[in-house]
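[1] Take a look and give me a structure for this.
(chains A and B)
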Amino acid sequence: MRDSIRIVRRGRIVEIDEVQPTETLLDYLRLRERATGTKEGCNEGDCGACTVVIGEWRDGRVVYRPVNSCIQFLGAMDGKEIVSVEDIAWPDGRLHPVQQAIVDAHGAQCGFCTPGIVMSLFALYHREGRDGPPPRDEIVTALAGNLCRCTGYRPIVDAALAAMAGPPADRFVEAMSQTAGLLQFLADGQDVFIGSNSSFFAAPASLSALAQLAVKYPEATLLAGGTDVGLKVTKGMRPISQVIYVGRVAALRQIEDVGDALILGAGVTYEDAAAAFADLDPDLGELVRRLGSRQVRAVGTVGGNIANGSPIGDMPPALIALGATLELAHGEEGRALPLEDYFIAYGKQDRQPGEFVAGLLVPKLAPNQVFRAYKISKRFDEDISAVMGAFRFTIEDGVISEARIAYGGMAATPKRALHAEARLAGAQPAKAASWGAAIEALGEDYAPISDMRASAAYRMETAKALLAKALVECAGAPTSRTRIIGRREAPEAEVA
Amino acid sequence: MNAPEADMAETAAERAVHRSTPHDSAVLHVTGRAVYIDDMVEPTGTLHLAPGFCPDMARGRIRDIDLSRVRQAPGVVAVLTAADIPGRNDWSTSTGGDPVIAANEVEFWGEVLFCVVAETRDAARRATRFALFEGEAEPPVLTVEEAKAKGLRVLDDYGYGRGDVARSFAGAQRRFDGIIRNGGQEHFYLEGQIALAIPGEAGDMHVYSSTQHPSEVQHAVAHMLGLPSAMVTVEVRRMGGGFGGKESQASQWACLAALGARVTGRPCKLRLDRDDDMVMTGKRHDMTTAFSVAYDSSGKILAADIDFMARCGYSADLSGGVNDRTLFHADNAYFYPNVALKSERLKTNTVTNTAFRGFGGPQGILAAERIMDTLAIVTGIDPLEIRKRNFYGPGRDVTPYGQKVEDNILPELIADLERSCDYARRRQECRAFNSKNRILRKGIALTPVKFGIAFTLTHLNQAGALVHVYADGSVHLNHGGTEMGQGLNTKVAQVAAEAFGIPLDRVRITATNTSKVPNTSATAASSGSDLNGMAALAACDEIRERMVAYLVSTTNAAPESIVFADGRVSHAGGSMSFADLAKACYENRVQLSAAGFYATPKIHWDRQKAEGRPFLYFAYGAACAEVTVDTMTGEMKVDRVDILHDCGRSLNPAIDIGQVEGAFIQGMGWLTTEELVWDDKGRLATHAPSTYKIPTASDVPAVFNTRLWDGANREETIHSSKAVGEPPLMLACSVFSAIFDAVASLKPGVVPPLDAPATPESIMRAVSFMRRSEA
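    All right, here's what the predicted structure looks like:
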C-alpha cells in the first residue's frame, strides 16, 4: 500500500503525498507547479484549453493521449507521465515541430486556446503507427475537443499537415526508452490510499482490492474517466470526500472477443474500444468517433457512462439495440442483467451500495442482422444528441422477423421502443406501406420533453424520421443519398 | 485550403508594412509563455472573488439576503454588498443603469447581488452557494413581442428614411412582406472575464483588466470608488479574445476586484467561471425583423420598409450604438430608392446585450439578404442576378442615411469571385443534384458585404500613441489600442518599423496602459489599426523629423535626401546606423520621445436630423457558400466556401486572412449551430460549451478558399489599408442563404420561413412549412 502518487514529469519521477480527493490536474499544474501555460477555458472538459497529454505504458510501448486536465483528478495520474505545453520544445529553445508549424501557418491569434491545441496535435503527432501526414478527417477529429474562437481552424489544420509530413522526431522520441523505463518502474502493482477513512483518494491495483474497498466504503464515489464526476466537483461544487479510482485495475481494461460477442471490462475507454466497435458496425464506430472528443474518449469509459446513468449518454441506446448485457459485481458476487433493465428512472439505476459495474457483453451482428445508428445534434462533433436512434433488424427473406429499437433523448432514460418493435415484425423494408404503423407507434413509446437541445415536437418527428431512414437504407438506398455525414460506402469520387 | 497570401508589398522600400509577419506573440502563444492576467505572478496575499446571484429569480425584489453562512464558510475574508460601494454603484459610465452589485431589485437571472472575497478561488466559489434569499419573484418579460406590448424600452425608438414610402407601396403592383428572426450570440472568448486589482498608496488603484476599453474601466473604477481618474491605472497586455464582449462589460468585474481591494487592503483577483461568465454578461442582440418591399418587373426594389425589434435586455448598455448600426446596414450593398427604417430597443428581463463583432450590422445585413433571397423567389430570377440589379451604382449611390457611396468596388469584386468559384456551373450542378435526390438537397449562394468604417459616435474616432526611441536605437511603442488576438500590436509595430526603417524586432510592444496614453476609445468598430496606426505614425514622424533636423544641422544634408531604411539613415553625404543616430541625438539633447494623436477626418453625423457622413469609407467583400441539407432531420453541412475580401492594401496579409477566415467561421456559428435558449423562468439554459455550440474544426468546409482583394483604399488611411475586424463576419450570410436555397428547392415559388440560427430544428420547421405549402 502506498500513501502517495508518483508521476513522470520532465524526465523525472515526482512523488506527491498530499493529494486532496478531488484536486484537479489543472489546479496542480497552475497553482502548485505554477506551470501556467495550460489554461482554464470552461472548467468542464468541453473547450480543450486545458489539454495536456498523458503518457502510459500500454502493450509494450509508451502511448500518448490528450486529456482535459480541468476534470482529471490528480490522484488518477498515478503511474503516468504528464506532458504540458511548456515541456515539448527542445531545451535549447527550438520549438517542437507542431509549435513551429503553428507559428509558420499563423495558427494562433489570441493564443488562449493555443496551448491546448498544441497538446492535442502533439498527441496526434505521437499517435501509434503514424509515419506521415494523417488524413484531414483525422486531424479535425483530433481537434474536435479544442475550441478556437479566433482563427476558423484552417491554419491550424494546415499546421498539423505541415508538422506531420514525416515520422515523429522530437525529444520524446529521443527519450522514449528512458520514459518507458520510468513508466514500467512506476507500475508497481501497489494499492494507493491517500487520506483517512472519512476523506481519501484510493486507487486499488486489483479487482479484489477494488471490490473490498467498494464494500467497505459504500458511499464512496467510484471514479473511472472522470468526465462526469469531474463536473460534479468543478460545476456542482459537491463535497466529494471519498474517491475510489478504478482505472488502475488491469482486469477491468480487457476487451475479449468470444466469437459471437465482445466482452468489455468496465474500465475500457472509448478510445480503447473504438476499433472493436467499428469492426462490429461502421455506424457504431462513427458513434464512438462523435462521442465527446479525443480528450473525453481517452479516459471516458463505456462502463462509466452506463454506471452513472447519465441521461445524455449516447452509447447506451446503441448497446441496448444490440442486446448488450451488463455485469455487476459486489464483493465476490456477481450478477448480469439486460442493459435496458439497468436504467430505472432519471438518475436512478439498478446498482446497490457497494456494487460496481464490472463489464459488458455486446453480441455481434448475425449475418441476417442489420444495424443502424444516428445521432442528431446541433453540432456534429463534441455535442450531446437531441435525439439518438439505434436499430437492429433481423431480416429473413426481405421480411423483418425481429427489431430492437432504442432511443436516447426521448425519455428520462435510454429506452426501447417496444410498440414500434412489435409492429415491425413482418414488415418489409422495401415496402414503406408495411412499416408506416411502426413509425406511428413511436408516439406510444415516447413522450419526449422540450429543453435546450430540442423541442418535444422536433424530437418526436425526428425519431420517426430516423426509423424511416434506417428502413430506407435497409431496403438498399446508398447512404450517399440518405446522409450527409457518417456514410457507410467509400466516399464518392466527386468533391463539390 | 489556402496558404496565407504572399506579401503585398509593392516596392522593396516597404520592408515592414504589407508583409505577412507573424503575430508578435506567436512563439509565446505556442509555448504557453504568453502571460494572461490569470498567469501573472500574484502579489503575496492576493485574495480571490466570486460573485453570487439568486438562483431562482429573473425579476423581482429581494427583501433580505442572509449571508451569514457565506461569511462563515471556510476561507472567506469578506462578503461585498452594495452597501460597501463608496462611490457610484454603476459600471456603465455612458448610459448608466448597470449596478456593480444590485441592492434589492433583480432585473435578470444572474444579476450580481453579493460578492465573496476568500483566500482561494475555490473557497470563494463554494461560499457563494450558501446565500439564502427572501423576496418576491415576478414573471419575467422575455420576448420582444411581450416587451413591445407592455411598452418596455431601454431607449426610444429611432428611425429615418427617404421618399414617400406609403405612396410607393400604394402604387406598387408587386410587393411582399416577410419576417426573419435571428438569435443572439455568446462571445465565447476563450479567456473569460478577469481583473486583478492591486491597491497602492493613498488610495491609488492599479487594475489589470482583460478589457477592450481600458479608459472606460479606469473611469468606472474611479467613479465606483469615488476617486479622480488620475488615481486609477488600468493595464492590459493581451486578452484571450474579446469580440466586443469586453468592450463595456469588462468593467463590472474590474470594479468588483477594485472594491475587494479597497475593502480588504489586499490585492484581489476576480476570474469568472465560464458558466457565470455566460450567465452574467451580455451577448449579441437577437432581433425580430419585419419587412415590406415593393419592386418592379425587373426585380429592382422600389421601396423598402423595415422594422427591427431588438431584445436589449434589462438596460441600455451599448444598445443605442448597436441598433443604430443595424439601421446603417439595413441596406447592405443595395439601393432602396424609397425607404423607411425603424429600430425598437426593447427591454426584457435578460442580461444586457452588448457589442459583438459587427455591432448590429449583421442583423441589418441578414435582413437585406433575406429581402434579396425573397425577391429572387417571387421573381424567379437567379439570386445573384437579383443582387447585382439592386447594387449601388451611378445615380443610385446614396444610402438611406444620406452618405454617398463613393468607393463601390462590389461589381468588380463580385465578378472576380463569381469567376473564380465557378458559381454558374456549380449552381447548375446543385439543381441537377436536387432533381435526383429526395432526402438530401444542395444550396448555393453568393452574397456581398458592404460595411461602414468609423465609430458612429463621432468623438470616439480619435487615438493616441506614445513612442520612445532609446539611445541604443531600440523603440518602445505604446498606443491606446488593445491586443485581443487580432494582431493590432503587430500591425502598429510594422508601421513604426517602417517609419524608422528598422527591423521589426527593434520595436518593443508594451502593454496598453491608461497612464501612458489617456482618454482612449475602445478597441472596437474594426478601427484598431486605422486609428492607432495613424497615431503611432504621427509620433514616429515627429521623432523622425527631429532626428532629420539634427542630421541636417550637422551634415548639411538636404532633408528630402535623407532615407531611413534597413536599420540605417542615409543621405547624399553618407550614412550611419539608426542606433548611432539615436545615440548622437541623445548626446546632443534632441528629444526622442513623442506622443502622437489622430482624429479621423471627414466624418460627421447628426443623429437628430439623420444626415451626414458617419463613415470614412466602406470595406467590401463577398462569399460563395455551398451546403447540403438533410430534409429528414434538418442536419446541414457546409461543403465549400470561397471568399474574396477587401482590406485595401493589407498591412499584413497573413493576419488579415486570419481575421477574414475567423470572422467568417464565427458568423457561420451565429447563423447555424449557436443557439441561446432561455427557459420560461428566464434562466439561460445554454450557459456552457456543453450546451452552447460554437463551430469546431470539422464544421469548417474542407474546401475553404480565401483571397484578399488587392486595391488601395481611396481614403487616406494607414498605408492605404482598410479595417478588417468586423466586415468579414457578415460573409457568413452566404451560408444562411445557401441553406435557404436548398430548402427553397423543395417547392419552387415558395419562400422558406427559415430563422437563424439554422439548427436542425430550425431547418426542419422551414422544411415542414414547404411540404405543407401549395406551390
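[2] which other residues reach stretch B:194-201?
    When contacts are defined by C-beta atoms under 8 Å, 6 or more residues apart in numbering or on different chains, stretch B:194-201 is touched by residues B:36-38, B:40, B:42-43, B:46, B:205-210, B:217, B:221, B:250, B:253-254, B:256-258, B:260-262, B:265-272. In this view, the C-beta of every residue, glycine as well, is placed from N, C-alpha and C.
[3] For the one helix or strand B:Glu145 maps to, which residues meet the burial criterion?
    B:Glu145 belongs to helix B:144-149 when assigned by DSSP states H and E. Neighbour-count burial for helix B:144-149 flags B:Val144, B:Ala147 (criterion: 16 or more other C-beta atoms under 10 Å in any protein chain shown).
[4] And it, what does it pack against?
    If you count contacts as 3 or more C-beta pairs under 8 Å, 6 or more residues apart in numbering or on different chains; DSSP states H and E, helix B:144-149 packs onto strand B:287-295, strand B:301-313, strand B:338-347.
[5] go again using 7 Å as the cut-off
    Secondary-structure packing of helix B:144-149 (3 or more C-beta pairs under 7 Å, 6 or more residues apart in numbering or on different chains; DSSP states H and E): strand B:301-313, strand B:338-347.
[6] Would you map out the domains in chain B?
    Under the assignment the TED database, the domains of chain B span B:43-139+B:190-280, B:141-183+B:285-390, B:405-455+B:608-774, B:462-599.
[7] Now render these as CSV, adding mean pLDDT and distance to A:Val103.
    Output for those, formatted as CSV (pLDDT from 0 to 100; distance: least, C-beta to C-beta, whole Å):
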stretch, mean pLDDT, distance to A:Val103
domain B:43-139+B:190-280, 97, 16
domain B:141-183+B:285-390, 98, 25
domain B:405-455+B:608-774, 97, 11
domain B:462-599, 97, 13
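[8] Select, out of the ones you listed, the one closest to A:Ala261.
    Smallest distance to A:Ala261 across the domains of chain B (C-beta to C-beta): 31.3 Å, for domain B:405-455+B:608-774.
[9] any chance you could map the strands in the stretch 201-350 of chain B?
    Applying DSSP state E, counting those that start in this stretch to the stretch 201-350 of chain B gives strands spanning B:205-209, B:232-236, B:268-271, B:287-295, B:301-313, B:338-347.
[10] out of the ones you listed, nearest to chain A?
    Closest to chain A of those, according to C-beta to the nearest C-beta: strand B:268-271, at 8.2 Å.
[11] which residues does residue 180 contact?
    Chain wasn't specified; assuming chain A. Residues near A:Ala180 by C-beta atoms under 7 Å, 6 or more residues apart in numbering or on different chains: A:Trp57, A:Val62.
[12] wrong one, I was asking about chain B
    B:Thr289, B:Leu366, B:Ala367, B:Arg370, B:Asp755.
[13] List the beta-bridge partners for it.
    B:Thr289 (DSSP bridges).
[14] From B:Ala368, how far out is it?
    10 Å (C-beta to C-beta, to the nearest Å).
[15] before we move on, back to that, any chance of the helices and strands packed on helix B:144-149 in TSV, plus distance to chain A?
    Shown next, in TSV, are those (distance: least, C-beta to the nearest C-beta, whole Å):
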stretch	distance to chain A
strand B:301-313	17
strand B:338-347	23
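[16] Mean neighbour count added to these, as CSV?
    CSV is the format used below for the helices and strands packed on helix B:144-149 (neighbours: other C-beta atoms under 10 Å in any protein chain shown):
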stretch, mean neighbour count
strand B:301-313, 25
strand B:338-347, 24
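[17] Show the contacting residues for the spatially closest residue to B:Glu119 that is not a sequence neighbour.
    Nearest residue to B:Glu119, sequence neighbours excluded (C-beta to C-beta, 6 or more residues apart in numbering or on different chains): B:Gly75, at 4.2 Å. Taking C-beta under 7 Å, 6+ apart, we find B:Gly75 in contact with B:Ala118, B:Glu119, B:Thr120, B:Ala123.
[18] Scan those and report the most crowded one.
    B:Ala118 (25 neighbours; other C-beta atoms under 10 Å in any protein chain shown).
[19] the longest helix in the chain is where?
    Since no chain was named, I'll use chain A. Determined from DSSP state H, the single longest helix within chain A is helix A:456-474.
[20] My question was about chain B, not that one.
    Max-length helix for chain B by DSSP H is helix B:528-555.
[21] is it true that B:Pro701 touches B:Val641?
    Yes - look at B:Pro701 against B:Val641 with C-beta atoms under 7 Å: they come within range, at 5.0 Å.
[22] Please say which of these two ends up with more neighbours.
    B:Val641 (29 against 21).
[23] how close does that one get to chain A?
    10 Å (C-beta to the nearest C-beta, to the nearest Å).
[24] In what element of secondary structure is that residue found?
    B:Val641 is part of strand B:636-646, with elements assigned from DSSP H and E.
[25] Past the regular element (helix or strand) spanning B:Val70, which element shows up next along the chain?
    Following DSSP H and E, one finds B:Val70 within helix B:68-72. Using DSSP H and E, the helix or strand that follows helix B:68-72 towards the C-terminus is strand B:76-80.
[26] for that following strand, packing partners?
    On a contact count with 3+ C-beta pairs under 7 Å, 6+ apart, strand B:76-80 meets helix B:68-72, strand B:114-118, helix B:251-264.
[27] Strand B:232-236 and the last one, what's the angle between them?
    Using axes from the mean of the first three to the mean of the last three C-alpha atoms, to 10 degrees, the interaxial angle of helix B:251-264 with respect to strand B:232-236 works out to 130 degrees.
[28] near chain A, from the contacts of stretch B:194-201?
    Restricting the contacts of stretch B:194-201 to those near chain A by C-beta under 7 Å from any C-beta of the partner chain leaves B:Tyr36.
[29] mind listing the strands for the stretch 451-600 of chain B?
    Assigned by DSSP E, counting those that start in this stretch, the strands in the stretch 451-600 of chain B fall at B:462-469, B:475-479, B:507-509, B:512-513, B:563-565, B:568-571, B:574-577, B:593-599.
[30] With distance to A:Arg238 and mean neighbour count added, can I get those in a markdown table?
    Output for the strands of the stretch 451-600 of chain B, formatted as a markdown table (distance: least, C-beta to C-beta, whole Å; neighbours: other C-beta atoms under 10 Å in any protein chain shown):
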| stretch | distance to A:Arg238 | mean neighbour count |
| --- | --- | --- |
| strand B:462-469 | 49 | 24 |
| strand B:475-479 | 47 | 24 |
| strand B:507-509 | 45 | 21 |
| strand B:512-513 | 41 | 24 |
| strand B:563-565 | 64 | 16 |
| strand B:568-571 | 66 | 19 |
| strand B:574-577 | 65 | 14 |
| strand B:593-599 | 54 | 17 |
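[31] Make CSV from the ones you listed and add distance to B:Asp296 to it.
    Shown next, in CSV, are the strands of the stretch 451-600 of chain B (distance: least, C-beta to C-beta, whole Å):
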stretch, distance to B:Asp296
strand B:462-469, 44
strand B:475-479, 50
strand B:507-509, 55
strand B:512-513, 52
strand B:563-565, 58
strand B:568-571, 64
strand B:574-577, 67
strand B:593-599, 44
